[in-house]
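Visitor: Give the three-dimensional model of this entry:
(one chain, ligands or ions: 1)
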Amino acid sequence: MSEQRTTAAGGMETSYGYRRVGAGDKQSLVNDVFHRVANRYDLMNDLMSGGLHRLWKDALVAWLNPPKRAGWKVLDVAGGTGDIAFRIIEASGGQAHATVLDINGSMLAVGRERAEKQGLAAGTDFVEANAEELPFADETFDAYTIAFGIRNVPRIEAALAEACRVLKPGGRFLCLEFSEVDMPLLDKAYEAWSFNAIPRIGQAVTGDGEPYAYLVESIRKFPNQENFAAMIRGAGFERVAYRNYSGGIAALHSGWKL
Ligand SMILES: C[S@@+](CC[C@H](N)C(=O)[O-])C[C@H]1O[C@@H](n2cnc3c(N)ncnc32)[C@H](O)[C@@H]1O
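Guide: Numbering: from 1, shown residues only. Purely as a prediction, here's the structure:
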(Lines give C-alpha, C1' and ligand atoms only; values in the text may rest on other atoms or scores of the structure.)
Protein backbone atom coordinates (compact mmCIF):
# COMPACT_ATOMS: atom_id res chain seq x y z
CA MET A 1 0.00 0.00 0.00
CA SER A 2 2.77 2.45 0.80
CA GLU A 3 4.97 3.73 -1.97
CA GLN A 4 8.12 1.92 -0.97
CA ARG A 5 10.10 0.17 -3.70
CA THR A 6 13.44 -1.60 -3.90
CA THR A 7 16.14 0.31 -5.77
CA ALA A 8 18.53 -1.27 -8.29
CA ALA A 9 21.19 -1.18 -5.55
CA GLY A 10 18.94 -3.24 -3.29
CA GLY A 11 18.07 -0.37 -0.92
CA MET A 12 14.50 0.66 -0.14
CA GLU A 13 13.23 3.70 -2.03
CA THR A 14 10.49 5.92 -0.64
CA SER A 15 8.95 9.41 -0.94
CA TYR A 16 10.55 12.50 0.50
CA GLY A 17 7.78 14.95 -0.34
CA TYR A 18 7.55 14.69 -4.15
CA ARG A 19 11.08 13.30 -4.55
CA ARG A 20 12.06 9.61 -4.64
CA VAL A 21 14.94 8.89 -2.27
CA GLY A 22 16.51 5.94 -0.44
CA ALA A 23 14.93 5.18 2.95
CA GLY A 24 18.13 6.13 4.80
CA ASP A 25 18.36 9.40 2.86
CA LYS A 26 14.74 10.21 3.69
CA GLN A 27 15.40 9.79 7.41
CA SER A 28 18.43 12.15 7.28
CA LEU A 29 16.43 14.74 5.35
CA VAL A 30 13.50 14.47 7.79
CA ASN A 31 15.87 14.76 10.77
CA ASP A 32 17.35 17.91 9.26
CA VAL A 33 13.84 19.41 8.87
CA PHE A 34 12.97 18.85 12.55
CA HIS A 35 16.38 20.00 13.85
CA ARG A 36 15.79 23.23 11.95
CA VAL A 37 12.23 23.83 13.17
CA ALA A 38 12.35 22.40 16.75
CA ASN A 39 12.45 25.72 18.59
CA ARG A 40 9.55 27.18 16.63
CA TYR A 41 7.65 23.92 16.11
CA ASP A 42 4.81 24.56 18.60
CA LEU A 43 4.22 28.12 17.41
CA MET A 44 4.25 26.97 13.77
CA ASN A 45 1.66 24.27 14.49
CA ASP A 46 -0.75 26.92 15.74
CA LEU A 47 -0.08 29.25 12.81
CA MET A 48 -0.25 26.55 10.11
CA SER A 49 -3.44 24.93 11.36
CA GLY A 50 -5.15 28.03 12.79
CA GLY A 51 -5.11 26.23 16.14
CA LEU A 52 -7.02 23.22 14.72
CA HIS A 53 -4.24 20.78 15.65
CA ARG A 54 -5.26 21.32 19.29
CA LEU A 55 -8.81 20.13 18.59
CA TRP A 56 -7.59 17.12 16.59
CA LYS A 57 -5.18 16.15 19.39
CA ASP A 58 -7.96 16.53 21.98
CA ALA A 59 -10.09 14.23 19.80
CA LEU A 60 -7.33 11.60 19.91
CA VAL A 61 -7.18 11.79 23.69
CA ALA A 62 -10.98 11.64 23.95
CA TRP A 63 -11.13 8.49 21.77
CA LEU A 64 -8.29 6.93 23.77
CA ASN A 65 -10.08 7.80 27.01
CA PRO A 66 -7.11 6.93 29.26
CA PRO A 67 -8.09 5.33 32.57
CA LYS A 68 -7.43 7.19 35.81
CA ARG A 69 -5.33 4.28 37.02
CA ALA A 70 -1.68 4.23 38.13
CA GLY A 71 0.50 1.81 36.17
CA TRP A 72 -1.24 2.40 32.83
CA LYS A 73 1.48 3.06 30.22
CA VAL A 74 1.33 4.87 26.89
CA LEU A 75 4.06 5.11 24.28
CA ASP A 76 3.82 8.26 22.16
CA VAL A 77 5.97 7.68 19.09
CA ALA A 78 7.34 10.58 17.02
CA GLY A 79 6.21 12.45 20.11
CA GLY A 80 8.37 15.50 19.39
CA THR A 81 7.75 18.26 21.92
CA GLY A 82 5.40 16.12 24.03
CA ASP A 83 2.03 17.61 23.07
CA ILE A 84 0.12 14.32 22.94
CA ALA A 85 1.80 12.79 25.99
CA PHE A 86 1.04 15.80 28.18
CA ARG A 87 -2.61 15.81 27.12
CA ILE A 88 -2.93 12.09 27.92
CA ILE A 89 -1.36 12.47 31.37
CA GLU A 90 -3.72 15.34 32.15
CA ALA A 91 -6.77 13.38 30.92
CA SER A 92 -5.77 10.47 33.19
CA GLY A 93 -5.78 12.79 36.19
CA GLY A 94 -1.99 12.55 36.38
CA GLN A 95 -2.10 8.73 36.71
CA ALA A 96 -0.80 7.61 33.30
CA HIS A 97 2.88 7.16 32.60
CA ALA A 98 3.96 8.40 29.15
CA THR A 99 7.08 7.54 27.19
CA VAL A 100 7.77 10.11 24.49
CA LEU A 101 9.90 8.53 21.77
CA ASP A 102 11.40 10.49 18.92
CA ILE A 103 14.38 10.10 16.61
CA ASN A 104 15.23 13.79 16.99
CA GLY A 105 17.09 15.04 20.06
CA SER A 106 16.27 18.70 19.32
CA MET A 107 12.51 18.03 19.42
CA LEU A 108 12.87 15.96 22.62
CA ALA A 109 14.93 18.73 24.27
CA VAL A 110 12.01 21.15 23.75
CA GLY A 111 9.66 18.48 25.13
CA ARG A 112 11.78 17.93 28.27
CA GLU A 113 11.79 21.66 28.96
CA ARG A 114 7.99 21.81 28.54
CA ALA A 115 7.51 18.83 30.88
CA GLU A 116 9.56 20.57 33.57
CA LYS A 117 7.62 23.83 33.17
CA GLN A 118 4.25 22.05 33.29
CA GLY A 119 5.19 19.92 36.31
CA LEU A 120 4.78 16.70 34.30
CA ALA A 121 8.39 15.52 34.28
CA ALA A 122 7.80 12.78 36.89
CA GLY A 123 5.22 11.03 34.72
CA THR A 124 7.16 11.27 31.46
CA ASP A 125 10.23 9.54 29.96
CA PHE A 126 11.96 10.80 26.85
CA VAL A 127 13.63 8.25 24.59
CA GLU A 128 15.64 9.05 21.47
CA ALA A 129 15.04 6.14 19.07
CA ASN A 130 13.62 5.10 15.72
CA ALA A 131 9.93 4.13 15.35
CA GLU A 132 11.10 1.29 13.08
CA GLU A 133 13.16 -0.36 15.86
CA LEU A 134 11.63 0.31 19.25
CA PRO A 135 13.98 -0.34 22.19
CA PHE A 136 11.28 -2.05 24.30
CA ALA A 137 10.35 -5.63 25.11
CA ASP A 138 7.26 -7.24 23.54
CA GLU A 139 3.93 -6.42 25.23
CA THR A 140 5.17 -3.44 27.29
CA PHE A 141 2.51 -0.74 26.72
CA ASP A 142 -1.26 -0.37 27.17
CA ALA A 143 -1.50 2.16 24.35
CA TYR A 144 0.57 3.39 21.41
CA THR A 145 -0.08 6.82 19.92
CA ILE A 146 1.52 8.60 16.99
CA ALA A 147 0.43 12.05 15.80
CA PHE A 148 1.60 13.65 12.58
CA GLY A 149 4.60 11.36 12.76
CA ILE A 150 4.10 8.25 10.68
CA ARG A 151 4.25 9.95 7.28
CA ASN A 152 7.78 11.04 8.19
CA VAL A 153 8.93 7.47 8.87
CA PRO A 154 10.61 5.88 5.83
CA ARG A 155 9.39 2.29 6.45
CA ILE A 156 5.80 2.68 7.60
CA GLU A 157 5.12 -1.08 7.64
CA ALA A 158 8.11 -1.60 9.97
CA ALA A 159 6.81 1.09 12.35
CA LEU A 160 3.32 -0.49 12.38
CA ALA A 161 4.77 -3.96 13.06
CA GLU A 162 6.77 -2.51 15.97
CA ALA A 163 3.64 -0.82 17.33
CA CYS A 164 1.86 -4.17 17.41
CA ARG A 165 4.85 -5.93 18.99
CA VAL A 166 5.26 -3.56 21.96
CA LEU A 167 1.54 -3.39 22.80
CA LYS A 168 0.07 -5.72 25.41
CA PRO A 169 -2.78 -7.97 24.27
CA GLY A 170 -5.86 -5.73 24.49
CA GLY A 171 -3.66 -2.69 23.78
CA ARG A 172 -4.85 0.25 21.72
CA PHE A 173 -3.22 1.85 18.66
CA LEU A 174 -4.16 5.40 17.65
CA CYS A 175 -2.67 7.33 14.77
CA LEU A 176 -3.51 10.94 13.91
CA GLU A 177 -2.31 12.07 10.51
CA PHE A 178 -3.08 14.49 7.72
CA SER A 179 -5.22 12.72 5.17
CA GLU A 180 -7.38 13.05 2.06
CA VAL A 181 -9.87 15.92 2.01
CA ASP A 182 -13.29 14.68 0.86
CA MET A 183 -15.02 18.03 0.23
CA PRO A 184 -14.40 19.60 -3.23
CA LEU A 185 -14.54 23.29 -2.22
CA LEU A 186 -12.56 22.78 0.96
CA ASP A 187 -10.04 20.83 -1.12
CA LYS A 188 -9.28 23.86 -3.33
CA ALA A 189 -8.94 26.28 -0.40
CA TYR A 190 -6.79 23.79 1.51
CA GLU A 191 -4.57 23.29 -1.55
CA ALA A 192 -4.00 27.04 -1.90
CA TRP A 193 -3.33 27.45 1.83
CA SER A 194 -0.93 24.50 1.94
CA PHE A 195 1.22 25.26 -1.08
CA ASN A 196 1.26 29.08 -0.84
CA ALA A 197 0.65 30.22 2.73
CA ILE A 198 2.36 27.50 4.79
CA PRO A 199 5.89 27.74 3.24
CA ARG A 200 5.62 31.56 3.45
CA ILE A 201 4.60 31.49 7.12
CA GLY A 202 7.52 29.07 7.69
CA GLN A 203 9.89 31.46 5.94
CA ALA A 204 8.62 34.44 7.97
CA VAL A 205 8.64 32.71 11.37
CA THR A 206 11.67 30.42 11.13
CA GLY A 207 13.58 32.13 8.31
CA ASP A 208 13.31 28.92 6.28
CA GLY A 209 10.39 27.92 4.04
CA GLU A 210 11.90 24.68 2.67
CA PRO A 211 11.02 22.41 5.63
CA TYR A 212 7.40 23.49 5.32
CA ALA A 213 7.32 22.82 1.60
CA TYR A 214 8.43 19.25 2.49
CA LEU A 215 5.74 18.92 5.16
CA VAL A 216 3.01 19.92 2.69
CA GLU A 217 4.30 17.59 -0.05
CA SER A 218 4.60 14.69 2.38
CA ILE A 219 0.92 15.08 3.28
CA ARG A 220 -0.03 14.64 -0.39
CA LYS A 221 2.07 11.49 -0.71
CA PHE A 222 0.63 9.76 2.37
CA PRO A 223 -1.91 6.91 1.78
CA ASN A 224 -5.57 7.94 2.03
CA GLN A 225 -7.86 6.84 4.89
CA GLU A 226 -8.89 3.45 3.41
CA ASN A 227 -5.41 2.50 2.23
CA PHE A 228 -3.87 3.41 5.57
CA ALA A 229 -6.57 1.42 7.41
CA ALA A 230 -5.61 -1.60 5.26
CA MET A 231 -1.95 -1.15 6.24
CA ILE A 232 -2.90 -1.09 9.93
CA ARG A 233 -4.89 -4.31 9.49
CA GLY A 234 -1.91 -5.78 7.61
CA ALA A 235 0.27 -5.15 10.67
CA GLY A 236 -2.03 -7.38 12.76
CA PHE A 237 -4.45 -4.91 14.33
CA GLU A 238 -8.15 -5.68 14.63
CA ARG A 239 -11.36 -3.61 14.82
CA VAL A 240 -9.63 -0.96 12.70
CA ALA A 241 -11.69 2.21 12.25
CA TYR A 242 -11.09 5.85 11.49
CA ARG A 243 -12.71 9.23 11.98
CA ASN A 244 -12.22 12.27 9.76
CA TYR A 245 -11.77 15.76 11.15
CA SER A 246 -12.18 19.08 9.32
CA GLY A 247 -13.42 17.37 6.15
CA GLY A 248 -10.58 14.84 6.13
CA ILE A 249 -7.72 17.33 6.55
CA ALA A 250 -6.85 15.11 9.49
CA ALA A 251 -7.89 11.50 10.14
CA LEU A 252 -7.64 9.49 13.33
CA HIS A 253 -7.11 5.74 12.88
CA SER A 254 -7.75 3.29 15.68
CA GLY A 255 -6.88 -0.39 16.06
CA TRP A 256 -6.64 -3.02 18.77
CA LYS A 257 -4.14 -5.75 19.45
CA LEU A 258 -6.46 -8.60 20.39
C1 LIG B 1 5.30 16.71 12.76
S2 LIG B 1 6.24 16.15 14.15
C3 LIG B 1 4.99 15.55 15.25
C4 LIG B 1 5.30 15.81 16.69
C5 LIG B 1 4.15 15.53 17.67
N6 LIG B 1 3.70 14.16 17.60
C7 LIG B 1 2.98 16.47 17.47
O8 LIG B 1 1.92 15.98 17.05
O9 LIG B 1 3.12 17.65 17.71
C10 LIG B 1 6.95 14.65 13.50
C11 LIG B 1 7.98 14.00 14.42
O12 LIG B 1 8.33 12.73 13.88
C13 LIG B 1 9.67 12.47 14.25
N14 LIG B 1 10.21 11.35 13.47
C15 LIG B 1 10.50 11.34 12.15
N16 LIG B 1 10.98 10.13 11.79
C17 LIG B 1 10.97 9.36 12.91
C18 LIG B 1 11.34 8.01 13.18
N19 LIG B 1 11.79 7.20 12.22
N20 LIG B 1 11.21 7.54 14.44
C21 LIG B 1 10.74 8.36 15.43
N22 LIG B 1 10.39 9.64 15.23
C23 LIG B 1 10.49 10.14 13.99
C24 LIG B 1 10.34 13.82 14.00
O25 LIG B 1 11.60 13.92 14.60
C26 LIG B 1 9.30 14.79 14.55
O27 LIG B 1 9.53 15.09 15.89
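Visitor: make it CA atoms for all contacts and neighbour counts henceforth
Guide: OK.
Visitor: what residues are up against Ala250?
Guide: 56, 176-180, 244 (Cα atoms under 8 Å, 6 or more residues apart in numbering).
Visitor: Just the pLDDT for Pro211.
Guide: If you check Pro211, the pLDDT there is 81.
Visitor: Confirm that it sits in a helix.
Guide: Yes: counting by DSSP: H, G, I helix; E, B strand; the rest coil, Pro211 is found in a helix.
Visitor: Wait, it touches Val33, no?
Guide: Yes: Pro211 is within contact range of Val33, at 5.2 Å (criterion: Cα atoms under 8 Å).
Visitor: Grab the longest strand from this structure for me.
Guide: strand 167-178 (DSSP state E).
Visitor: quick one: contacts of that strand?
Guide: Taking Cα under 8 Å, 6+ apart as the rule, strand 167-178 contacts 56-57, 60, 64, 138-151, 163-164, 219, 248-258.
Visitor: Recalculate using a threshold of 6 Å.
Guide: The contact list for strand 167-178 (Cα atoms under 6 Å, 6 or more residues apart in numbering) reads 139-148, 249-258.
Visitor: which of these come close to the ligand?
Guide: Near the ligand, judged by Cα under 6 Å from any ligand atom, the entries from these are 147-148.
Visitor: Just the ones of the contacts of strand 167-178 in strands?
Guide: 141-147, 250-257.
Visitor: re earlier: farthest-apart pair in the contacts of Ala250, please.
Guide: Trp56 and Glu180 (15.1 Å; Cα to Cα).
Visitor: Around the ligand, pick out the residues from the stretch 151-258 of the chain.
Guide: Counting by Cα under 6 Å from any ligand atom, the residues of the stretch 151-258 of the chain close to the ligand are 152-153.
Visitor: residue in the stretch 151-258 of the chain nearest to the ligand?
Guide: Nearest residue of the stretch 151-258 of the chain to the ligand, counting by Cα to the nearest ligand atom: Val153, 4.4 Å away.
Visitor: Now that residue: phi and psi?
Guide: Phi and psi for Val153, reported as degrees, to the nearest 10, are phi -90, psi 130.
Visitor: Compute the number of surrounding residues for it.
Guide: 21 (other Cα atoms under 10 Å).
Visitor: before we move on, what about Leu43?
Guide: 12.
Visitor: And it, how close does it get to Thr206?
Guide: Counting by Cα to Cα, to the nearest Å, the gap from Leu43 to Thr206 is 10 Å.
Visitor: Ok, Thr124 next?
Guide: Per Cα to Cα, Thr124 is found 28 Å from Thr206.
Visitor: So for those two, which residue has more residues nearby?
Guide: Using other Cα under 10 Å, the more surrounded residue of Thr124 and Thr206 is Thr124, with 22 against 17.
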